[in-house]
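This is a predicted model, with the sequence first.
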Amino acid sequence: MRPPPLLKVRDLSMRFGGVVALNRVGFDVKPGSITALIGPNGAGKTTVFNCLTGFYAPSEGEMRFHPLDGHEVALHDLLGGPWRGVDFSSPAAFARRLYYKMFGGAALAARVGVVRTFQNIRLFREMTVMENLLVAQRARVNNGILSGLLATPDYRRAEAEAVERAWGWLDFFRLAEEGNRMAGSLPYGRQRRLEIARAMCVEPRLLCLDEPAAGLNPSETDELAEWILALRRGHGVTVCLIEHDMGLVMEISDHVVVLDHGQVLVAGRPEVVRDDPAVLEAYLGAPEEG
């Protein structure tokens, strides 16, 4: 029996006033796959990511996430917004919305295993490389104010594990020698790697990469492809990426979803999508009739 999709998106719509950014978008992400969202600028790709990771509350639709334990998480309910649709008679529902209000939807998404990076790098530039990775793990280490103040055995153990995990990912991305440098002083390509390393410290099931190759030279892009494949192959990470570098998309993706004007235009294997006339028209425009 085939496992269910790790992520199912159905009829996802997002409206900003009278502007329809997403119109009934739907796609699946299989466990262990690399799925690419592509399309012209303004097609709605980043809006999808923002809905998946709690930065936007979608106007309509469903996003269902299936972690390894088989328990389905309705992301559209979990990340739907601070107070919208809350049953205040339910302590659990109230607690989730209070958590959202205090820490934001991204923290809730990370707790269930959905983590993202950004098109524009968002590192703590005045912190060291190591500190950036430790900050990402604060929720795992800080199990309570008293445990930190008293430095309980559980707190010390969690702190040691966080440091070990951080060094492991720095080593994986060949950044271990940079551990004590300020993150903002790193060359651009290494900052890209650091942002992915920081995301991996949260141990995501679904890693959402927003244009990870933006600004990289060809050699750095080739290395990025190898790292993404290694994350999938060696660490069981499912990847969903937005990318304009079609060479990278065609090289590493198992499934490609093409968006245009907030709708799914075509979805399928890379070699099928690449030659689809509708995709060529969306990117290059329709030929003029003579």
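Nice, I can see it. Residues are numbered from 1 along each chain as shown.

secondary structure class for residue 63?
Here residue 63 is recorded as strand under DSSP: H, G, I helix; E, B strand; the rest coil.

Count the neighbours of it for me.
Neighbour count for residue 63, taken as other CB atoms under 10 Å: 22. Where C-beta positions appear, they are placed from N, C-alpha and C, glycine not excepted.

Same check on residue 64?
Counted with other CB under 10 Å, the neighbours of residue 64 add up to 18.

for residue 26, same thing?
A count of nearby residues for residue 26, using other CB under 10 Å, gives 15.

Then residue 213?
Residue 213 has 22 neighbours, counted by other CB under 10 Å.

So which residues of this protein form helices?
Ranges of helices in the chain, per DSSP state H, are 45-52, 75-78, 91-103, 105-112, 129-135, 138-141, 145-150, 153-172, 188-200, 218-235, 246-252, 270-274, 277-284.

Taking helix 105-112 as reference, get the angle to the first one.
Here helix 45-52 points in a direction 70 degrees away from that of helix 105-112 (axes from the mean of the first three to the mean of the last three CA atoms, to 10 degrees).

Does anything pack onto helix 45-52? Which helices or strands?
Here helix 45-52 is seen to pack against strand 7-16, strand 19-29, strand 34-38, strand 114-116, strand 206-210, strand 238-242 when contacts are counted using 3 or more CB pairs under 8 Å, 6 or more residues apart in numbering; DSSP states H and E.

okay, the ones you listed in CSV with distance to residue 73 and mean pLDDT next?
Formatted as CSV, those follow (distance: least, CB to CB, whole Å; pLDDT from 0 to 100):
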stretch, distance to residue 73, mean pLDDT
strand 7-16, 10, 94
strand 19-29, 14, 95
strand 34-38, 18, 96
strand 114-116, 9, 92
strand 206-210, 11, 95
strand 238-242, 14, 96
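
In JSON lines, list those strands along with distance to residue 138.
Putting the helices and strands packed on helix 45-52 into JSON lines (distance: least, CB to CB, whole Å) gives the following:
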{"stretch": "strand 7-16", "distance to residue 138": "26"}
{"stretch": "strand 19-29", "distance to residue 138": "28"}
{"stretch": "strand 34-38", "distance to residue 138": "29"}
{"stretch": "strand 114-116", "distance to residue 138": "14"}
{"stretch": "strand 206-210", "distance to residue 138": "19"}
{"stretch": "strand 238-242", "distance to residue 138": "24"}
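
Which one of the ones you listed lies nearest to residue 165?
Closest of the helices and strands packed on helix 45-52 to residue 165 is strand 114-116, at 13.9 Å (criterion: CB to CB).

Any stretches of the stretch 151-290 of the chain with poor pLDDT?
Confidence mapping of the stretch 151-290 of the chain against pLDDT under 70 gives the ranges 151-152, 284-290.

picking that back up, out of the helices and strands packed on helix 45-52, which gets nearest to residue 263?
Across the helices and strands packed on helix 45-52, residue 263 has its closest neighbour in strand 19-29 (5.0 Å, CB to CB).

Show me how far that closest one is from its chain's centre.
On the basis of CA atoms, centre = their mean, to the nearest Å, strand 19-29 sits 17 Å off its chain's mean C-alpha point.

List the buried residues for that strand?
Buried residues in strand 19-29, defined by neighbour count with 16 or more other CB atoms under 10 Å: 20, 21, 22, 23, 25, 27, 28, 29.

isn't the last one right up against residue 36?
No. Applying CB atoms under 8 Å as the test, residue 29 and residue 36 come out as separate, 10.5 Å apart.

which residues are common contacts for these two?
Common neighbours of residue 29 and residue 36, counting by CB atoms under 8 Å, 6 or more residues apart in numbering, are 240, 255.

What does the pLDDT read for residue 119?
pLDDT, residue 119: 87.

quick one: it and residue 281, what's the gap?
Relative to residue 281, residue 119 is positioned 25 Å away (CB to CB, to the nearest Å).
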